[in-house]
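Participant: just a sequence and a predicted model for now, questions to come.
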Amino acid sequence: MTQMLTLAPTDALPGHALEVLLTEEQIQKRVGELGARITQDYANAREPLLLVGVLKGAALFLADLARCISRPLELDFVAIASYGVATQTSGEVRVLKDLEAPVAGKHVLIVEDILDTGLTLRFSYLMETLRARHARSVKVCVLLDKPARRRVPVTADYRGFEIEDRFVVGYGMDYAEHYRHLRYIAALTRNDAGLERV
Ligand code: PRP
């Protein structure tokens, strides 16, 4: 579900254009709904709930989502990088930061900003190793799902918005580390080389 709402030229770097796809209000409303559903789904779980954010993109989403979940929970982070340059991924991933919290016996909810090719989530560390470390359960919550880009079969248990195949920034997501701080999510086009898609 995407829609063009407005342009936000003041936030754009020179040579860039931003087209707002999801406003702050739309994001916050949906995050609230996800938090309410998660609260409900884990209401009868006696084991701890551990939210695991995948850095860096998920940081803002995790911060907002956690505050919309009304039950005891713990937070932890992992950082995973895919080999390859710019917007092309080679399919290989490596761990930059491991989990700090023990996961045995806990319900683990992996929190991602975007599900794209699926390679990050399919990586055995996240899914299989969490299970090998005896997590009570492992689920995935993504804010954005870009099914057109999927290379390996991964589905999210909780999903904020389905979007088309455009390069998105804001609300944690970056272009060369820029734009993560935006309160909204925008599609980025560059016009320094004749308005090419990034
Ligand atoms: C992005 C995003 C997800 C991953 C999804 O991270 O935050 O973690 O890509 O893509 P995939 O489904 O194709 O694996 P990125 O590697 O850009 O790092 P960042 O979060 O630090 O920006």
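Facilitator: Alright, I've got the coordinates. Numbers count the residues shown, from 1 in each chain.

Participant: how close does the residue positioned nearest the centre of the chain get to the ligand?
Facilitator: In the chain, the centroid-proximal residue (C-alpha atoms, centre = their mean) is residue 113; its distance is 1.2 Å. Distance, residue 113 to the ligand, by C-beta to the nearest ligand atom, to the nearest Å: 5 Å. (Glycine included, C-beta is placed from N, CA and C.)

Participant: what sits closest to that residue if chain neighbours are left out?
Facilitator: The shortest distance from residue 113 to any non-neighbouring residue, by C-beta to C-beta, 6 or more residues apart in numbering, is to residue 57 (3.8 Å).

Participant: what is the burial count for the one you found?
Facilitator: Residues near residue 57, counting by other C-beta atoms under 10 Å, number 21.

Participant: isn't it right next to residue 112, touching?
Facilitator: Yes - the pair residue 57 / residue 112 is scored as a contact, 7.3 Å apart, by C-beta atoms under 8 Å.

Participant: just give me the longest helix of the chain.
Facilitator: Counting residues, the longest helix found in the chain (DSSP state H) is helix 24-41.

Participant: check which helices and strands that helix sits against.
Facilitator: For helix 24-41, the packing partners by 3 or more C-beta pairs under 8 Å, 6 or more residues apart in numbering; DSSP states H and E come out as helix 59-66, strand 137-145, strand 158-162.

Participant: if we go to 10 Å?
Facilitator: For helix 24-41, the elements it packs on are strand 49-55, helix 59-66, strand 107-115, strand 137-145, strand 158-162, strand 185-190, judged by 3 or more C-beta pairs under 10 Å, 6 or more residues apart in numbering; DSSP states H and E.
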